[in-house]
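In: how would this look folded up:
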Amino acid sequence: MWELDILRWFDSVHGPVLDPIMVGITYSATSGLVWFVLGFLMTCSRRWRRCGVSVIVSVIAAYIIVDLVVKPLVCRDRPFDVSDFELLVPAPDSWSFPSGHTASAFAGATALLIHSRRWGAAAMAYAILVGVSRMYLCVHWPTDVVAGAVVGIAVAFLSVWFMSRWIPLFRELDRDGALL
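Out: Sure thing, here's the model as predicted:
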């Protein structure tokens with residue numbers, strides 16, 4: 001199985017430099033907390049309020065879709081249930097497909113990217129690192145991470161589109177004077 005080969009490679013490159021970095025990246029993305037804090041801070045500024053609300057709504061929608069709907073329907077085992085991997089983090093107790101960490105990271109990053117290319121590009125780099133960290137730690141299959149990224153991106157675009165179309169505050173012109 002090609003996915004198992006990828007995870008075995010990640011498991012083979014564990015070391016004192018990368019291990020704490022990857023664990024830190026994963027913990028920073030747990031429960032979408034970094035996105036809620038960022039979104040809240042953005043809502044405190046009139047200039048960034050719209051973006052902040054977009055980030056928060058996108059991450060909440062990604063959580064609902066991934067963790068409450070898709071994971072219980074698919075019920076995919078995690079890699080450490082199938083093969084003997086050394087876990088650097090406590091074993092998650094939810095199903096594997098798709099990656100919730102990755103979905104929320106890409107939902108938040110995409111919502112930010114829609115409103116700001118510069119900050120969105122940095123957020124996308126972080127989202128990619130979150131996905132890689134989930135494979136590095138052998139808690140998700142590569143397809144879990146890819147599916148999480150796809151779901152997160154789609155949810156962010158749909159959330160921003162929906163708010164722009166149906167919520168009066170978002171139907172106004174954005175901060176640069178351009179229509180969404």
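
In: Share the number of residues neighbouring residue 72, please.
Out: By other CB atoms under 10 Å, the residues close to residue 72 number 10. Where C-beta positions appear, they are placed from N, C-alpha and C, glycine not excepted.

In: tell me which element it falls in.
Out: Assigned by DSSP states H and E, residue 72 falls within helix 71-74.

In: CA atoms of that helix as PDB?
Out: Provided in PDB are the C-alpha atoms of helix 71-74 (Å, rounded to 0.1, in the frame of the first residue of the first chain):
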ATOM      1  CA  LYS A  71     -15.700  10.800  10.000                       C
ATOM      2  CA  PRO A  72     -18.700   8.900  11.600                       C
ATOM      3  CA  LEU A  73     -19.900   7.900   8.200                       C
ATOM      4  CA  VAL A  74     -16.500   6.600   6.800                       C
END
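
In: Could you point out the helix or strand that follows it?
Out: helix 79-82.

In: how much distance is there from the helix or strand following that following helix to the middle of the chain?
Out: Counting by DSSP H and E, the next helix or strand C-terminal to helix 79-82 is helix 100-115. Relative to the mean C-alpha coordinate of its chain, helix 100-115 is positioned 6 Å out (CA atoms, centre = their mean, to the nearest Å).

In: now for helix 100-115, which elements pack on it?
Out: Applying 3 or more CB pairs under 8 Å, 6 or more residues apart in numbering; DSSP states H and E, one finds that helix 100-115 contacts helix 33-43, helix 49-63, helix 117-136, helix 142-166.

In: Quick one: mean pLDDT for that helix?
Out: What helix 100-115 shows for mean pLDDT is 96.

In: Off-centre distance for the helix holding residue 72?
Out: For helix 71-74, the separation from the chain centroid amounts to 18 Å (computed by CA atoms, centre = their mean).

In: residue contacts, the residue nearest the centre of the chain?
Out: Nearest residue to the geometric centre of the chain (CA atoms, centre = their mean): residue 105, 2.1 Å. For residue 105, the contact set (CB atoms under 8 Å, 6 or more residues apart in numbering) comprises 29, 35, 126, 127, 130, 131, 152.
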